[in-house]
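Here is the input, now give the coordinates:
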Amino acid sequence: MTRLDDATADLVITELQQRNVPVVRLDPGGFPDRLRLNAFLGGQGMSGSVLTDTRTADLTGIRSVYWRRPTPYATGPGQAERWCGDQARYGLGGILAALPGTHYVNHPWRNRDAEYKPVQLATAARCALRILPTLITNQPAEARRFLMEYRPVLYKPLWNSDYTGPDGRPWTVWVDDVDPDTLDAGVARTAHLFQKRLDKTGDVRLTVVGNRSFAIRIDSPGLDWRRTYDQNSYTLIDTPPDVDNAVRVYMETFGLVYGAFDFGIDRAGLWWMYECNPNGQWAWFPGHITARITNALADRLERPGELCER
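As a prediction, the model looks like this:
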């Protein structure tokens, strides 16, 4: 389930095709123009099909779903268009979330539940993962007090919203240091996340696929390694047993099969969790690392019954 220009999904699709595993690529956001639906629900459950211009998927024959990055359901400025968009979301979306006997990586509702950073941090603490002092507020005075107590402090967006600048190009809000003197009344306009900055020696992206995990240490010249992809170094490392066990509990708590965890390593070697993106990107790693994750995902989709029982 993804958009047509998803290069990450392309890797998994190619791997499955090389294994002679049949694949249908669907973008729910293409409904109704490029996707058609026929679903019957009765005493025997659900039956029917979804059809694209080139493929047909029997709703009762879908083994696994890799829920990646579908486009939003089509809508428009008018009341009728918004109504149709809602019907598509709850009709087609409800069907695609209830496929009989299907293994989801991840189920879209589990993705949704696990996307909220406050819930991530609260759950991480309950699962015995280390988290840094964090304040979420819209009160400038409280933000200033937090900055004075825990400095240095970082600002992090709570959600990576699409934002277009006056030049028409997309803008990104990066993780960055906060100077108390720069805080103003703008803090009161919405929720802001402030977090104590870790005195770190490196970062880790821990990519979990079912019972397999891939810890990659990231050494970057900058504060936010997403800004310096080409200058970073990436090294496969072992995950400390206490972190590995806590991450498994975290995944079970949210009902996730896949998760992309971000950690920082302090000068004592301890791992501190920043967040977990339940649908995070992974195909930007060097080829030898990307190949391992591609194979793990393909294994999970091809043999869900066998792997889920381990």
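
just checking, what's the longest helix in the protein?
Using DSSP state H, we find that the single longest helix of the chain is helix 79-96.

immediately after that helix, which helix or strand?
Note on helix 79-96: by DSSP states H and E, the next helix or strand toward the C-terminus is strand 103-105.

What strands line up against that next one, and which way round?
Strand 103-105 has the following sheet partners, assigned by DSSP bridges: strand 64-66 (parallel).

contacting residues around the partner strand?
Residues outside strand 64-66 that contact it (CB atoms under 8 Å, 6 or more residues apart in numbering): 1-2, 9, 12, 96, 99, 102-105, 297, 300-302, 304. Any C-beta I mention is one placed from the backbone N, CA and C, and that applies to glycine too.

Between these, which sits nearest residue 55?
residue 1 (12.9 Å; CB to CB).

what sits against the residue nearest to residue 238 when sequence neighbours are not counted?
The shortest distance from residue 238 to any non-neighbouring residue, by CB to CB, 6 or more residues apart in numbering, is to residue 215 (6.6 Å). If a contact means CB under 8 Å, 6+ apart, then residue 215 has 204, 205, 206, 236, 237, 238, 239 as its contacts.

Kindly recompute the last result at 10 Å.
Contacts for residue 215 were tallied using CB atoms under 10 Å, 6 or more residues apart in numbering; they are 204-208, 235-240, 243-244, 247, 261, 263, 271.

Check residue 173 too.
155, 156, 157, 158, 159, 160, 161, 163.

Check residue 239 too.
Counting by CB under 10 Å, 6+ apart, residue 239 has contacts 204, 206, 208, 213, 214, 215, 245, 247, 261, 263, 271.

Show me what the first one is bridged to.
Going back to what we said before, that points to residue 204. The partner residues for residue 204, given DSSP bridges, come to residue 217, residue 263.

Counting neighbours, what do you get for it?
22 (other CB atoms under 10 Å).

What does the pLDDT read for it?
As summarised for this prediction, residue 204 has a pLDDT of 97.

mean confidence score for the longest helix of the chain?
On average, helix 79-96 scores 93.

same question, stretch 119-126
pLDDT averaged over stretch 119-126 gives 98.
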